[in-house]
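S.K.: Sequence plus the predicted model coming up.
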Amino acid sequence: MSTPFYVSPQQAMADRAEYARKGIARGRSLVVLQFADGIVFVGENPSRALHKFSEIYDRIGFAAAGKYNEYENLRIGGVRYADLRGYTYDRDDVTARGLANVYAQTLGTIFSSAAEKPYEVELVVAEVGETPEGDQIYRLPHDGSIVDEHGSVAVGGNAEQISSYLDQRHQEGMTLAEALKLAVQALSRDTNGSEREIPAERLEVAVLDRTRPQKRKFKRISGRQLSRLLGADAAGGDEEGASEDAE
Amino acid sequence: MDFLSEHQPEILPGNRQLPPTQGVIEAPHGTTIVAVTFPGGVVLAGDRRATMGNVIAQRDIEKVFPADEYSAVGIAGTAGLAVEMVKLFQLELEHFEKVEGAQLSLEGKANRLSTMIRSNLGMAMQGLAVVPLFAGYDVDRDKGRIFSYDVTGGRSEEHNYAATGSGSIFARGAMKKLFREDLSEAEATTLVVQALYDAADDDSATGGPDVARRIYPIITVITDDGFRRLTENEASEIARSILERRLEQPDGPRAALL
């Protein structure tokens, strides 16, 4: 009979974290940005059926990088939590903070339980407020911690490089087209610094738009609307250029 | 609902134990709901009165609710239970849509409502019945459709027009004489208010337009653009124009004899 090797708790946790991080890094990155009228989610996703972004409740959206079956599981759990809350109490009693806490608990428990493998996912939970100051964005890494983010956030493989790119360029009060363009630029930078083109068909885009008259503020942007926004971008840039010339 | 019945069965309406009661329980009841289809959509409308025995329990109750983007429910029967049923129905449609990433078909929604009414059968037998009218725009067939129910959850699709509640017999009579295949949206909204006016005329539990208190019927229109509830101004305009004509002709528009 062989005695099991002793592994120090530090080493065990470091190994688990390494395992989760590697899993997340295999997937494509995605970014979440604030703009004047809400929050926009942008990611590269060749699949039309397997979404990375989704609606949780009226003002709350969800984004995930990593393993699909694991974050899909968490997403459905979140929708159930939110719908049950809203039905038992009131629609206003469902908040991103509450949801982020539930996710943190779940991820934390799974991460530190020796019986399960850690989830290879990184989540973003965002809630759009009445004003830009009321917007909330939470990033939830694989180990169950919560990071309160402002302005912009990137998760997934190349997250660090992308978020530093975004931090330098993101401004408050950007229009949707501007924010979208910035997000696509950030995503199309490769690890080695070279740029590649991401066609509109490979982009998954969704917004939480506070100006929407309905209670449910989440909306997917695709097809013609998306190419118009990406195109309008260029036109908007030209106009700005023109007015600068005039001055 | 399946999820709820597994995890928190106590908050589902059908799972409550009822104490034995003598006679009928007094609770506010909603009254008349009418619906009519027109090319391109469907109109669902309801009066504003809730009664408890011979007393008017509420003058401005709202009995027509959006179920989701493309459908609406109007409720007749015990108001408290009906409102809870609609809340649960709305939740279920939204939950399905978010989890599956696609909307239920209109038939699917109508069937789901049928099950929910059936789960209320115990209450119905004690006099607390809920009988809704369900109307929606079928995006697959490009037309407005109406479904009516009985207390046992029996579902039937109605063609052209339908009514439920205590004033429904009078409302149905009015709609039968006024309905045409080629109604416009504006004509269809006028038609439902005419029908509600006739129901209020002959049924004491149905309320007519209350000009003094500015309480007008709730009128909703569902087309391929989705659900829309007419504003108070729009509703008052329709009600007032009908009222004006009725000052000259109290029984409303007359159909040709042959």
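M.R.: Thanks, I have the structure now. Numbering: from 1, shown residues only, chains lettered A, B, ... in the order given.
S.K.: drop to CA atoms for contacts and neighbour counts, all remaining ones
M.R.: Noted.
S.K.: Around chain A, pick out the residues from the stretch 51-200 of chain B.
M.R.: Residues of the stretch 51-200 of chain B that fall close to chain A, judged by CA under 8 Å from any CA of the partner chain: B:K87, B:L88, B:L91, B:H95, B:K98, B:V99.
S.K.: Go through the residues you listed and single out the one with the most neighbours.
M.R.: B:H95 (22 neighbours; other CA atoms under 10 Å in any protein chain shown).
S.K.: Could you pull up the contacting residues of A:G86?
M.R.: A:G86 makes contacts with A:D92, A:D93, A:V94, as judged by CA atoms under 8 Å, 6 or more residues apart in numbering or on different chains.
S.K.: repeat that with 10 Å
M.R.: A:Y57, A:D58, A:R80, A:D92, A:D93, A:V94, A:T95, B:L91 (CA atoms under 10 Å, 6 or more residues apart in numbering or on different chains).
S.K.: now the residues of the stretch 51-200 of chain B next to chain A as CSV including pLDDT?
M.R.: As requested, these are exported to CSV (pLDDT from 0 to 100):
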residue, pLDDT
B:K87, 92
B:L88, 92
B:L91, 92
B:H95, 93
B:K98, 92
B:V99, 92
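S.K.: from the residues you listed, which ones fall inside strands?
M.R.: Among those, none falls in strands (DSSP state E).
S.K.: These into TSV, with extra columns for distance to A:I110?
M.R.: Shown next, in TSV, are those (distance: CA to CA, whole Å):
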residue	distance to A:I110
B:K87	34
B:L88	32
B:L91	30
B:H95	26
B:K98	25
B:V99	23
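S.K.: beta partners of A:L30?
M.R.: Taking DSSP bridges as the rule, A:L30 bridges to A:G43, A:V155.
S.K.: Local confidence estimate at it?
M.R.: Per-residue pLDDT puts A:L30 at 92.
S.K.: If you average the pLDDT over the helix or strand containing A:T109, what comes out?
M.R.: Under the criterion of DSSP states H and E, A:T109 resides in helix A:96-112. Per-region confidence: helix A:96-112 scores 94 on mean pLDDT.
S.K.: Over to stretch B:184-192?
M.R.: On average, stretch B:184-192 scores 96.
S.K.: what do you get for stretch A:78-86?
M.R.: 94.
S.K.: and that stretch, how far from the chain's centre?
M.R.: For stretch A:78-86, the distance from its own C-alpha centre to the chain's C-alpha centre is 20 Å (CA atoms, centre = their mean, to the nearest Å).
S.K.: Output that stretch as CSV - backbone C-alpha positions only.
M.R.: Only the C-alpha atoms of stretch A:78-86 are listed here, as CSV (Å, rounded to 0.1, in the frame of the first residue of the first chain):
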residue,chain,number,x,y,z
GLY,A,78,-28.4,33.3,-12.1
VAL,A,79,-31.6,33.6,-14.2
ARG,A,80,-33.4,31.4,-11.7
TYR,A,81,-32.1,33.3,-8.7
ALA,A,82,-33.2,36.6,-10.3
ASP,A,83,-36.6,35.4,-11.4
LEU,A,84,-37.4,33.9,-8.1
ARG,A,85,-36.3,37.0,-6.2
GLY,A,86,-38.3,39.2,-8.5
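S.K.: list the buried ones in it?
M.R.: A:G78, A:V79, A:R80, A:Y81, A:A82, A:D83, A:L84, A:R85, A:G86 (16 or more other CA atoms under 10 Å in any protein chain shown).
S.K.: Equivalent analysis for stretch B:106-114, please.
M.R.: Quick answer for stretch B:106-114 (16+ other CA under 10 Å): B:L106, B:K109, B:A110, B:R112, B:L113, B:S114.
S.K.: what are the ranges of the helices in the chain?
M.R.: Chain wasn't specified; assuming chain A. Ranges of helices within chain A are A:9-26, A:68-88, A:96-112, A:159-169, A:176-187, A:223-246, based on DSSP state H.
S.K.: Chain B is the one I meant
M.R.: Under DSSP H, chain B gives helices at B:2-7, B:79-100, B:106-118, B:121-124, B:168-178, B:185-202, B:232-248.
S.K.: coming back round to it: which one of the helices of chain A is the most hemmed in?
M.R.: Scoring the helices of chain A by mean neighbour count under mean count of other CA atoms under 10 Å in any protein chain shown gives helix A:176-187 as the most buried, with a mean of 22.
S.K.: And for the most centrally placed residue in chain B, nearest residue in space, chain neighbours not counted?
M.R.: Closest residue to the average C-alpha location of chain B: B:G74 at 2.0 Å, with CA atoms, centre = their mean. Nearest-residue entry for B:G74: B:V64, 4.2 Å, with adjacent residues in sequence omitted and distances by CA to CA, 6 or more residues apart in numbering or on different chains.
S.K.: Now do the one you found against chain A, distance only.
M.R.: As judged by CA to the nearest CA, to the nearest Å, B:V64 and chain A stand 17 Å apart.
S.K.: In contact with that residue, which residues?
M.R.: With CA under 10 Å, 6+ apart, B:V64 has these contacts: B:33, B:44-48, B:72-76, B:83, B:86, B:132-134, B:217-220, B:229.
S.K.: same thing with B:L191?
M.R.: Here B:L191 is in contact with B:34-36, B:43, B:174-175, B:178-179, B:183, B:185, B:197, B:238, B:242 (CA under 10 Å, 6+ apart).
S.K.: got the buried residues of stretch B:106-114 as a markdown table, with distance to B:P253 and pLDDT columns?
M.R.: Output for the buried residues of stretch B:106-114, formatted as a markdown table (distance: CA to CA, whole Å; pLDDT from 0 to 100):
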| residue | distance to B:P253 | pLDDT |
| --- | --- | --- |
| B:L106 | 34 | 95 |
| B:K109 | 36 | 95 |
| B:A110 | 34 | 96 |
| B:R112 | 38 | 93 |
| B:L113 | 36 | 95 |
| B:S114 | 36 | 95 |
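S.K.: what's the burial count for A:S8?
M.R.: Neighbour count of A:S8, defined by other CA under 10 Å: 9.
S.K.: any weak-confidence spans in the chain?
M.R.: Chain wasn't specified; assuming chain A. A:1, A:191-193, A:232-247 (pLDDT under 70).
S.K.: was after chain B, sorry
M.R.: In the predicted model, chain B carries pLDDT under 70 at residues B:1-3, B:7, B:9-11, B:13-24.
S.K.: Not counting its neighbours along the chain, what's nearest residue 223?
M.R.: You didn't pick a chain, so chain A it is. The shortest distance from A:G223 to any non-neighbouring residue, by CA to CA, 6+ apart, is to A:E201 (7.4 Å).
S.K.: To clarify, I was referring to chain B.
M.R.: Per CA to CA, 6+ apart, closest to B:T223 is B:G41, 4.4 Å.
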